[in-house]
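I would like the atomic coordinates for the input below:
(2 chains)
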Amino acid sequence: MKAAAFGVEPCDTLDAALMAARAGARFIAGGQSLGPMLNLRVARPDALTPVARLPDLSGASEDADFVTLGAAVTHAAIEDGRTPDLTGGVLRRIASGIAYRAVRNRGTIGGSLCHADPAADWVATLTALGASVVIAGAGGRRAETVEGFVRGAYQTTLAPGEIVCAVRIPKIAGRFGYCKFCRKPGEFAHAMAAVCLAGSRRRAAIGATGGAPLVLEGDAVSPEGLQKAGLEGTARTMQTAALARALAEAGA
Amino acid sequence: MGFAHGVGASVERKEDDRFLRGRGRFVGDLKCAGMLEMAFVRSPLAHARITRIVKPAGADSRVFSMDDLAGVGSIVANSALAGFKSAPQPPLARDKVRHVGEAVAACLAETRAQAEDLAEQVELDLVELPAVHDMIEARAADSPRVHDHWPDNVVLETRVAGDIESVKGRAAAIVRRRLRTARQCMSPLEGRGVLAEWDTRLDQLTLHTSTQMPHIVRSGLSEVLGWPQEQIRVVAPDVGGGFGYKGILLPEEIVAAYLARKLGRPIRWIEDRREQLAGNANCREHDYDITAYADADGRLLAVDCEAHVDAGAWSIYPFSACLEAAQVASILPGPYKMEAYRCRTWSMATNKPGIVPYRGVARAGVCYAIESVMDDLAVALGMNPVELRLRNLPGPEAMPFTNITNKYFDSGDYPVCLRRAVAALDRSPPPPGPNKRRGVGVSIFCEQAAHGTSVYHGWGIPMVPGHEQAVARMTPDGGLEIRVGIQSHGQGLETTLAQVAHQILGVPLARIQVLHGDTGVTPYSTGTWGSRCMVMAGGAVAAACKELVPRLRRIGAHLLQAPEDQAVLEGGFVRAGGAELPLSEVARTWYRAPQSLPADVSGAGLEAVAGYRAKSDTGTFSYAAHAVVVEVDLEFGEVRLVDYAICEDGGVLVNPMIVDGQVIGGVAQGIGTALYEEMPFDAFGQPGAVTLADYVLPGATEVPSLRIAHMETPSPLTEFGQKGIGEGGAIGPPAAIACAVNDALRPLGARIDCLPITPARVLVALAEAAR
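Have a look, this model is predicted:
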């Protein structure tokens, strides 16, 4: 399949990109999800605006409390340690397990969140970590937790004309555990659990559920807690195992 | 014998230089001035009546349905087996569509994207009919029918009669299994592709197509288009993998050829993955109800089987819709000895793509079926499954061995092969982790290859292989051109056939050019299928080169002023009485200095065509045993291959490195059959895995390091003792892996009876066992 015809509206600045979006253009960053959707003619935008090189989306920084990654930072940049990380190299480890290197070279953290694939590593991981997205639009900037931002499979609160500029990840003094089950690199995950344990703050995100991640908190962060979450059949078996393994990794 | 680059040498592949540097030339690399790209309107429904095809306004000269292809006939791939039902296939669907993805109209434009734009605008008025989506339900009296003029959906029923009753009484163990294998989509790296051009100078079609069998495509095109064969030249350029996927006359080839001539414009069609997955999942779907009987010593008394093969909607040219099921009946016993055998098979028409023989053809399925019941017999008798097999395999003292379905096993030592594979397994792997279980599985099978005339005449399909021919031609400067009608698309035949020629004539490999895949320059051949090329084309190349030997010697002796009977040809020289002359000098004399030739030299010159048939045309029997250790994750249902060992006997190996490559690639596909690949169809006949995100193919990380041991029992039937070996790698893994998984699950009371063994199936089996 070849994509239906579309225009390209290049922009040098975030403001110009937002203006193009208000005129109907769709943003494209790494294109690792949008590219296939265009070719399958599932997505049929009139025009695309490339944002991967916009300065406002490209940087990465940290302070005492947060790591902030520009939305257009690639998985490969994170994997290679070219951006700040959390204690223990959590982000680097997650990035290195996303699909395979060719996808990581182009795919971006912001693009992954905006696509909101239920099986995406960042959606579950950043939900567990309590991260937020910074969103720019005509009315200025707003921030929203990843948990609030992802509303369901391929659904976010992003309004037309808005763009995710950055991801802010809190530096939590705690332990992280992660388990993704897929049979080969690049296969959509069958089960996925990310857990973050910091004293009484216990939080887990169960991904690959077909919708937004299931969030467990406090005492519910346990295989028993997950049993009450409404999963059924083999999905329940696999997700419970993934959570148990993520908890074991976090030293729970 | 004994040249460093001849038969038996692991020389590097001549073709790899261009492939590894990205310099191959595939259909997708070819462009012609004025070329149009073609896209197809394909059926979105599995079964429907076509009431109307509405072309976009003004697009009459760019959009074509079957009604626009004046004089074009249907593809007819009948078998002469009694009871075969015929259903000629129009290249573009007319009246009815019979599977999702069936081509209904062709659209032409300057670019593929524009051609797809045009295809989107064509309106199909379809009246949906109930789909025949399951081969067993297809046999029901009230099933919808794929072909309205048939009384039912049975393409062909075959029967091997056997007296099971007379041996039943001695059975100490009787086991019965119902087994299913999934429908798969063969997935060569390069899909199909066609470029058709009408040459007004030659008044001839040139069809570049990614095919395994250019001469058969030419014959088929001629039959459907009604054009004489001298007006058709079929060229297969570099072909990026076949496996059977390209052993077919394509509707797309017919349409492209017709429109190129009609419009006077070159026309190209490149299949994309969407077309491939949604419309061409075309192999491996079997259903077995198999019962095995053994006596108290573990000796196999009888096998009784009813097998169904889902053959899809159309009979594929040239192999037909019945080859696979008919083959099931004849090869199910494999290498095992038994007293009685009975088998009935049904080839079933369904609303799915027509079935094409995939690497190993029915063997991957039958090996899985027979090995599953061999394990069950061992369990029932409390025997070691390897020991039970050993008691039923023919040893060297039994050779040549004719099995219960009259297959002629020319040579080999099957028990030693199995023992060596098992012995090669790692004896002390690290223990499994928590919630994991280990299992061991084995399979042993034979691979009948290079089938000859009588075998294919028996099927009565549009193709019967006879003598395989080759042309050997010296160039004026001492190079050698070899012309063969087969097609090399991953087998390394440009190298191995050169090795054969080198073996006979001593011309350096670098000076031997193997030309193949072009009806314009090569002798007729049925092409590359059935692991036949090393035996058949290899034999033909040797025969053609041998024709040149006395001619070269005669001229060489004359130039050396020696008696002809004292001259020998060795190492690329004619030698006599201590003097020697390089073949390049002999060639130069023939072509460029004929004044120096003997006065009575034969006019046949330095170009020879020769034909070859093996001493028996029942085929060579290579064989192999696979042994595997798996680890099953009881929580995720994942199967990991911990260790994998193979012992195979391909007779004399012309290039052992290439043989290992064939085995490794085959095993990768076999692992796909065992664990990953499945095209599910729903009750409406809709395919459920139409992108590579859904249709899971094994990759490098899913194939463990294989340990391959070789036995080299020469075939007594072939030129150098070689046997066909191209498919075996794909045959053994499903059986061995399934046996290993069930070995791991048996203590838990769980068993899996279908392929692929997915995590969900493992977990469901465990949950049912726990209930």
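
Return the distance of A:L34 relative to chain B.
Separation of A:L34 from chain B (Cβ to the nearest Cβ, to the nearest Å): 14 Å. For the C-beta atoms, the positions are set from N, CA and C on the backbone; glycine is no exception.

Quick one: mean pLDDT over stretch B:763-771.
Across stretch B:763-771, the average pLDDT comes to 96.

what about that stretch, near chain A?
Yes: applying Cβ under 8 Å from any Cβ of the partner chain, one finds stretch B:763-771 touching chain A at B:763-764, B:767.

Need the buried ones from those residues selected in PyMOL.
In PyMOL, this line selects whichever of the residues of stretch B:763-771 next to chain A come out buried by 16 or more other Cβ atoms under 10 Å in any protein chain shown:
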select buried, chain B and resi 763+764
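
so of the residues of stretch B:763-771 next to chain A, which ones are in strands?
Judged by DSSP state E, strands contain none of those.

residue contacts, the residue in the stretch 401-550 of chain B that chain A sits nearest to?
Chain A sits closest to B:N435 of the stretch 401-550 of chain B, with a gap of 7.6 Å, by Cβ to the nearest Cβ. If you count contacts by Cβ atoms under 8 Å, 6 or more residues apart in numbering or on different chains, B:N435 has them with A:241, B:633-635.

Now for residue 246: which residues touch it?
Went with chain A since none was named. If you count contacts by Cβ under 8 Å, 6+ apart, A:A246 has them with A:177-179, A:193-195, A:204.

should've been chain B
By Cβ under 8 Å, 6+ apart, the contact set of B:K246 is B:188, B:192, B:210-213, B:239, B:489.

Count the neighbours of the residue of the stretch 1-150 of chain A at minimum distance from chain B for me.
Minimum separation of the stretch 1-150 of chain A from chain B (Cβ to the nearest Cβ) falls at A:K2, amounting to 3.6 Å. The tally of other residues near A:K2 (other Cβ atoms under 10 Å in any protein chain shown) stands at 17.

Tell me if I'm right that it and B:E37 touch.
No: taking Cβ atoms under 8 Å as the definition, A:K2 is not a contact partner of B:E37, at 9.5 Å.

okay, and the common contacts of those two?
Joint contacts of A:K2 and B:E37 (Cβ under 8 Å, 6+ apart) are B:111-112.

Ranking helices and strands of chain A by mean pLDDT, which lands last?
helix A:223-227 (a mean of 93; mean pLDDT, DSSP states H and E).

Check which element follows that one along the chain.
Once the chain leaves helix A:223-227, the next helix or strand it forms, by DSSP states H and E, is helix A:233-249.

and stretch B:341-359, which residues are buried?
Neighbour counts over stretch B:341-359 (16+ other Cβ under 10 Å) mark B:341-359 as buried.

quick one on the thing from earlier: mind checking how far the residue of the stretch 401-550 of chain B closest to chain A is from A:A244?
Using Cβ to Cβ, to the nearest Å, one obtains 9 Å as the distance from B:N435 to A:A244.

what's the answer for B:G395, then?
B:G395 is 51 Å from A:A244, by Cβ to Cβ.

Show the model's pLDDT score for the residue in the stretch 151-252 of chain A positioned nearest to chain B.
Closest contact between the stretch 151-252 of chain A and chain B, by Cβ to the nearest Cβ, is at A:A241 (3.4 Å). Per-residue confidence (pLDDT) for A:A241: 97.

Around chain B, pick out the residues from chain A.
Residues of chain A lying near chain B (Cβ under 8 Å from any Cβ): A:1-5, A:36, A:40-41, A:181, A:183-188, A:190-191, A:233-234, A:237-238, A:240-242, A:244.

And the buried ones among those residues, selectable in PyMOL?
Listed next is the PyMOL selection for buried residues among the residues of chain A next to chain B, using 16+ other Cβ under 10 Å:
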select buried, chain A and resi 1+2+3+4+36+181+183+187+190+191+234+237+238+240+241+242+244
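
picking up where we left off before, filter the buried residues of stretch B:341-359 down to the ones near chain A?
Among the buried residues of stretch B:341-359, no residue lies close to chain A (Cβ under 8 Å from any Cβ).

what number of residues lie near residue 55?
Going with chain A. A:P55 has 11 nearby residues by other Cβ under 10 Å.

not quite, I wanted chain B
The number of residues packed near B:K55 is 20, by other Cβ under 10 Å.

Report whether the expected contact of it with B:V122 is present.
Yes: between B:K55 and B:V122 there is a contact under Cβ under 8 Å: 6.0 Å.

Just checking, which helix or strand of chain B averages the lowest pLDDT?
Every helix and strand of chain B was ranked by mean pLDDT, DSSP H and E. The lowest is helix B:453-459, at a mean of 88.

Show me where the stretch 51-200 of chain A has its helices.
For the stretch 51-200 of chain A, the helices defined by DSSP state H, counting those that start in this stretch occupy A:55-58, A:75-79, A:90-96, A:101-106, A:109-115, A:121-129, A:146-149.

pLDDT of stretch A:194-209, averaged?
The pLDDT scores in stretch A:194-209 average 96.

and that stretch, how far apart are its ends?
Criterion Cα to Cα, to the nearest Å; first-to-last residue distance in stretch A:194-209 is 13 Å.

same thing with stretch B:673-689?
First-to-last residue span, stretch B:673-689, Cα to Cα: 15 Å.
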